[in-house]
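Visitor: What would the 3D arrangement of this be:
(one chain, ligands or ions: 1)
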Amino acid sequence: MHILISNDDGYTAPGLEALVASLRNLAEVTVVAPEINHSGASNSLTLTRPLAVRHAANGFIYVNGTPSDCVHVALTGLLDRRPDLVVSGINNGANMGDDTLYSGTVAAASEGYLFGIPAIAFSLVSKSWSNLDAAVAQAHRLVAHQLAQPVTGPVLLNVNFPDLPAAQVKGVAATRLGKRHPSQPVVRSATPYGETVYWIGPAGAANDASEGTDFDAIKRGFVSVTPLRLDLTQHAQLSQMTDWVRPLCE
Ligand code: MN
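Guide: Prediction:
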């Protein structure tokens with residue numbers, strides 16, 4: 001059994017190191033992760049320059065590119081055999097609802113999924129690492145469960161851990177993605193050289209956090225597991241669209 005692990009916080013992130021240490025007793029583990037933080041990178045690939053692949057003293061491989069670059073390079077030439085599972089994280093911060101579209105953590109996993117390999121993205125719903133141990137223990141349980149009893153069909157799981165110590169975690173819940181309000185306004189500031197610059201504002205608060213969503217599960221102290229797909233087609237609109245384009249054919 002061979003697991004490829006990546007992340008978007010960079011190869012020195014505590015969440016990656018702790019996850020790797022934990023999963024080593026389940027499988028052979030290869031780490032290919034970004035050199036620096038690429039949170040919010042989504043599925044971007046670097047196409048304007050070549051990528052350097054370097055080996056850290058601890059055996060981790062790091063790439064001066066995005067999370068998707070890392071998994072892409074790993075699967076298309078770097079690794080001598082195909083992994084059985086691609087795992088990403090544990091991310092420093094939530095990836096719930098709309099976050100999943102921007103997330104580099106989810107992107108690293110989805111790159112594996114696009115290559116037909118089961119994949120899991122792990123995120124800790126906190127900007128501190130204070131409950132990382134509990135998240136790692138839950139991640140280990142989930143990976144072991146997937147290896148022993150795989151989910152059928154294409155597998156892309158988005159997992160969020162509550163910011164709670166192990167004893168206070170209520171359980172594991174299967175969820176759908178909720179929704180956020182639009183992100184907060186950009187923050188205007190000035191450089192020392194007089195140029196006005198803008199920081200992208202923080203993500204919005206939960207808008208749809210109703211029962212069954214990832215937000216709701218986390219709020220109630222559960223680990224949230226959402227099965228994702230990458231087909232963006234609005235299937236419910238397809239028949240209307242067929243009618244809509246008809247006059248354009250005349
Ligand atoms: Mn991140």
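Visitor: Please make it C-alpha for all contacts and neighbour counts, starting now.
Guide: Noted.
Visitor: For the protein, give the residue positioned nearest to the ion.
Guide: Closest to the ion within the chain is Ser39: 4.0 Å, counting by Cα to the ion.
Visitor: residues contacting that residue?
Guide: Ser39 makes contacts with Asp8, Asp9, Ser103, Gly104, Thr105, as judged by Cα atoms under 8 Å, 6 or more residues apart in numbering.
Visitor: Thr175 against Ala209, yeah?
Guide: No - Thr175 lies out of contact with Ala209 (Cα atoms under 8 Å); the separation is 10.9 Å.
Visitor: if we can go back for a sec, now tabulate the contacts of Ser39 in a markdown table and tack on neighbour count, distance to the ion and secondary structure.
Guide: As requested, these are arranged in a markdown table below (neighbours: other Cα atoms under 10 Å; distance: Cα to the ion, whole Å; DSSP: H, G, I helix; E, B strand; the rest coil):
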| residue | neighbour count | distance to the ion | secondary structure |
| --- | --- | --- | --- |
| Asp8 | 32 | 5 | coil |
| Asp9 | 25 | 4 | coil |
| Ser103 | 23 | 7 | coil |
| Gly104 | 31 | 7 | helix |
| Thr105 | 33 | 6 | helix |
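Visitor: a markdown table for those, including distance to Val125 and pLDDT?
Guide: Formatted as a markdown table, the contacts of Ser39 follow (distance: Cα to Cα, whole Å; pLDDT from 0 to 100):
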| residue | distance to Val125 | pLDDT |
| --- | --- | --- |
| Asp8 | 15 | 98 |
| Asp9 | 14 | 98 |
| Ser103 | 13 | 98 |
| Gly104 | 15 | 98 |
| Thr105 | 13 | 98 |
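Visitor: Now find how far off-centre stretch 228-241 is within its chain.
Guide: 23 Å (Cα atoms, centre = their mean, to the nearest Å).
Visitor: before we move on, the earlier item: Gln184: which of the contacts of Ser39 is nearest?
Guide: Looking at the contacts of Ser39 and their distance to Gln184, the nearest is Ser103, at 17.1 Å (Cα to Cα).
Visitor: Between the two ends of stretch 98-105, how far is it?
Guide: Between the opening and closing residues of stretch 98-105 there is a gap of 13 Å (Cα to Cα, to the nearest Å).
Visitor: name the helices or strands packed onto the one helix or strand Val31 maps to?
Guide: Assignment of secondary structure by DSSP states H and E places Val31 within strand 28-34. Helices and strands touching strand 28-34, as assessed by 3 or more Cα pairs under 8 Å, 6 or more residues apart in numbering; DSSP states H and E, comprise strand 2-6, helix 14-23, strand 61-63, helix 67-73.
Visitor: what's the closest of these to Gly171?
Guide: Gly171 lies closest, by Cα to Cα, to one member of the helices and strands packed on strand 28-34: helix 14-23, at 19.4 Å.
Visitor: buried set for that closest one?
Guide: By neighbour count, with 16 or more other Cα atoms under 10 Å as the criterion, the buried positions of helix 14-23 are Pro14, Gly15, Leu16, Glu17, Ala18, Leu19, Val20, Leu23.
Visitor: which secondary structure elements does that helix contact?
Guide: strand 28-34, strand 85-92, helix 132-148.
Visitor: export these to JSON lines and tack on distance to Gly116, mean neighbour count and mean pLDDT?
Guide: As requested, these are arranged in JSON lines below (distance: least, Cα to Cα, whole Å; neighbours: other Cα atoms under 10 Å; pLDDT from 0 to 100):
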{"stretch": "strand 28-34", "distance to Gly116": "18", "mean neighbour count": "24", "mean pLDDT": "98"}
{"stretch": "strand 85-92", "distance to Gly116": "10", "mean neighbour count": "29", "mean pLDDT": "98"}
{"stretch": "helix 132-148", "distance to Gly116": "15", "mean neighbour count": "19", "mean pLDDT": "98"}
